[in-house]
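# fold the following, please.
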Amino acid sequence: MVEELHRFFETNKLIVLAIYAQTYYTLALVVMLQWRQESGLELARSVPYLSAFALTMALVIWGDIFIPFQQTYLAPTAVRLLRAVQVGLLVIGYCCLLRFGIHLNWESLWVRRIPQVMAFGGLAFVALSTLYGLDAETQRMRVEQIGRLFVVYPGSFTTAWGLRGQAEKIEALGLPSYIVEWLRVAGFSFGAYAIFGGILIPLSPAGTTILDNVLGIPVAIPRSMIIAVLTVAMLRALSIFRYELQRLIAEMGRAQALAADRQRIGRELHDGTIQAIYGAGLMLQNVLHLVRENPDVAEAHIRSIMASLNQTIADIRRYIYDLAGDEGELEERLSHLTAEMRSQTGLEIEYRIEGKPPRLPEPVQEHIFQIVREALTNAHKHSGGTRVTVLLRSDADALRVVVGDNGRGLPPGGAARRGGQGVPNILSRAQLLGGRASIRNRPGGGTVVEVEIPYLNTSIWRLGTGAQGKENGDRRGISHETPANPAR
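So this is what the prediction gives:
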């Protein structure tokens with residue numbers, strides 16, 4: 001049986017080597033494509049060494065395939081030089097793996113220089129042995145025997161330990177648990193690679209190991225399987241960089257929306273509230289002269305001033321409520337908002353929930369809350385209506401929020417008014433959530449503000465962190481679709 005396996009793999013040696021090289025190359029490609037230099041994680045500063053290790057190993061194995069074919073066309077000296085370059089790449093690859101493991105575990109500069117010293121020593125050995133005419137196969141065997149035992153073996157174990165530490169740090173940050181799980185799988189893979197890639201050294205210039213002698217299976221087979229598992233694990237684990245970038249973009253969007261809100265509130269406080277208080281002060285000065293001369297007219301003026309001040313107080317309360325924001329689930333927050341607006345404005349506000357809305361991260365709740373608040377404020381200020389309906393509906397494909405009033409409808413120029421920030425805020429918030437918003441007249445009179453947030457992209461639902469972020473991340477999320485008609 002052992003002889004049959006040995007003959008089978010010897011017959012298909014080129015195929016085995018091609019698959020072996022491809023697994024390393026795929027790992028290098030996956031790591032580099034997932035890597036984000038701008039990431040603040042320690043893992044981001046380390047993974048280029050893993051990619052370099054995988055790429056150099058792929059080049060070495062491809063050399064085992066293509067260099068023999070060059071012996072027909074190239075002089076023996078040129079072939080020998082190619083073999084020396086191949087072994088030199090092997091030394092560099094081993095040291096890159098050790099550097100990756102050390103970089104994950106130690107910050108000391110002198111410790112991190114150990115792989116550089118070892119690489120210099122290994123390359124010096126390759127250069128001197130080539131100059132003194134050491135047989136290429138023997139040179140390769142010696143480098144593998146020493147390098148795998150004293151570089152690959154410790155490098156693999158330090159990498160496994162370092163990935164374990166990274167998994168614990170990421171878990172403590174409350175990031176998605178699947179990233180932690182795949183980092184642990186990658187750590188176990190490196191533990192297995194320490195055995196098959198570090199302990200199983202070549203016993204002859206032909207590259208055979210104890211695995212070939214006992215089972216008839218070349219060591220490239222288990223190594224390829226380990227690297228394949230490692231590639232999948234790193235592909236999933238390194239999605240943390242993409243997740244980190246998405247969260248950064250979301251935070252920038254929230255900061256931009258918050259800045260716009262602050263600018264709007266500041267402008268409205270200056271142009272509305274402060275001017276109203278200033279006007280009330282001027283009216284009081286005029287009333288001061290009328291108190292004795294014409295008390296009835298003075299009383300009428302005072303009542304008008306009191307009504308104006310009461311409205312100003314209501315506006316200030318609404319601004320404070322806007323800045324503070326209630327904590328809790330979206331349904332509860334909207335219930336408090338409609339009750340508050342009902343008492344402040346005198347509008348008849350009906351609040352309905354249809355279906356069961358999903359649990360949302362706080363940033364998503366905040367965007368929807370502010371959209372509804374802005375729509376209710378606009379209905380009170382501009383619609384001239386007496387009744388408003390707020391509907392929160394969870395459909396199979398999207399979360400929908402509808403605010404409709406029975407007022408006069410939109411002016412001829414549309415919803416947006418010069419200098420106003422309310423409508424642009426609604427549209428920008430909907431777009432930040434990957435949805436779309438429309439503001440239109442409804443049959444029978446009045447205006448409807450409708451926001452649709454489809455469940456298509458899980459990244460938006462993971463704007464929060466921790467268990468809630470994971471739970472929401474398991475749902476279908478929101479697409480990034482620009483509103484088709486944003487200026488109505």
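# pLDDT weak spots in the stretch 201-350 of the chain?
Applying pLDDT under 70 to the stretch 201-350 of the chain picks out residues 243-251, 253-254, 264, 268-272, 318-319, 321-328.
# any idea which element the nearest residue to Leu347 once chain neighbours are set aside lies in?
Of all residues not flanking Leu347 in the chain, Val388 sits nearest, at 5.4 Å (Cβ to Cβ, 6 or more residues apart in numbering). Any C-beta I mention is one placed from the backbone N, CA and C, and that applies to glycine too. If you go by DSSP states H and E, Val388 is part of strand 387-394.
# pull the number of nearby residues for Ala167.
21 (other Cβ atoms under 10 Å).
# my read is that it contacts Arg184, right?
Yes: in this structure, Ala167 is within contact of Arg184 by Cβ atoms under 8 Å, at 5.2 Å.
# contacts only, for Leu347.
Neighbour list for Leu347: 341, 376, 379-380, 385-388 [criterion: Cβ atoms under 8 Å, 6 or more residues apart in numbering].
# which residues does the strand holding Val388 contact?
Residues from elsewhere that reach strand 387-394 (Cβ under 8 Å, 6+ apart): 330-331, 334, 338, 347-358, 372, 376, 379, 399-406.
# ok, Phe188 to Met252 distance?
According to Cβ to Cβ, to the nearest Å, Phe188 and Met252 sit 37 Å apart.
# hmm, back to that, any chance of JSON lines for the contacts of Leu347, columns neighbour count and distance to Asn441?
Formatted as JSON lines, the contacts of Leu347 follow (neighbours: other Cβ atoms under 10 Å; distance: Cβ to Cβ, whole Å):
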{"residue": "Met341", "neighbour count": "23", "distance to Asn441": "22"}
{"residue": "Leu376", "neighbour count": "26", "distance to Asn441": "18"}
{"residue": "Ala379", "neighbour count": "27", "distance to Asn441": "13"}
{"residue": "His380", "neighbour count": "20", "distance to Asn441": "18"}
{"residue": "Gly385", "neighbour count": "19", "distance to Asn441": "12"}
{"residue": "Thr386", "neighbour count": "11", "distance to Asn441": "17"}
{"residue": "Arg387", "neighbour count": "15", "distance to Asn441": "16"}
{"residue": "Val388", "neighbour count": "26", "distance to Asn441": "15"}
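# now those in a markdown table, with distance to Ala276?
Output for the contacts of Leu347, formatted as a markdown table (distance: Cβ to Cβ, whole Å):
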| residue | distance to Ala276 |
| --- | --- |
| Met341 | 19 |
| Leu376 | 21 |
| Ala379 | 21 |
| His380 | 16 |
| Gly385 | 23 |
| Thr386 | 24 |
| Arg387 | 27 |
| Val388 | 24 |
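# what is the mean pLDDT for stretch 429-447?
For stretch 429-447, mean pLDDT is 86.
# what segments of the stretch 301-450 of the chain are strands?
Using DSSP state E, counting those that start in this stretch, the strands found in the stretch 301-450 of the chain span residues 348-354, 387-394, 398-405, 436-441, 447-454.
# closest to Arg45 out of those strands?
Counting by Cβ to Cβ, Arg45 lies closest to strand 447-454 out of the strands of the stretch 301-450 of the chain; the figure is 36.4 Å.
# give me the contacts around that closest one.
368, 371, 375, 378-379, 383, 397-405, 407, 409-410, 415, 426, 430, 433-442, 478-479, 481.
# for stretch 292-300, same thing?
287, 290-291.
# can you tell me which of these are buried?
Buried subset of the contacts of stretch 292-300 (neighbour count, 16 or more other Cβ atoms under 10 Å): 287, 290.
# let's see which of the contacts of stretch 292-300 end up in strands.
If you go by DSSP state E, the contacts of stretch 292-300 have nothing in strands.
# and which of the contacts of stretch 292-300 is nearest Leu200?
Nearest member of the contacts of stretch 292-300 to Leu200, counting by Cβ to Cβ, is Val287, at 98.2 Å.
# report pLDDT for the residue nearest to Leu347.
pLDDT recorded at Val388 is 93.
# ok, it to Arg373 distance?
Distance, Val388 to Arg373, using Cβ to Cβ: 12 Å.
# right, I'll call it a day here.
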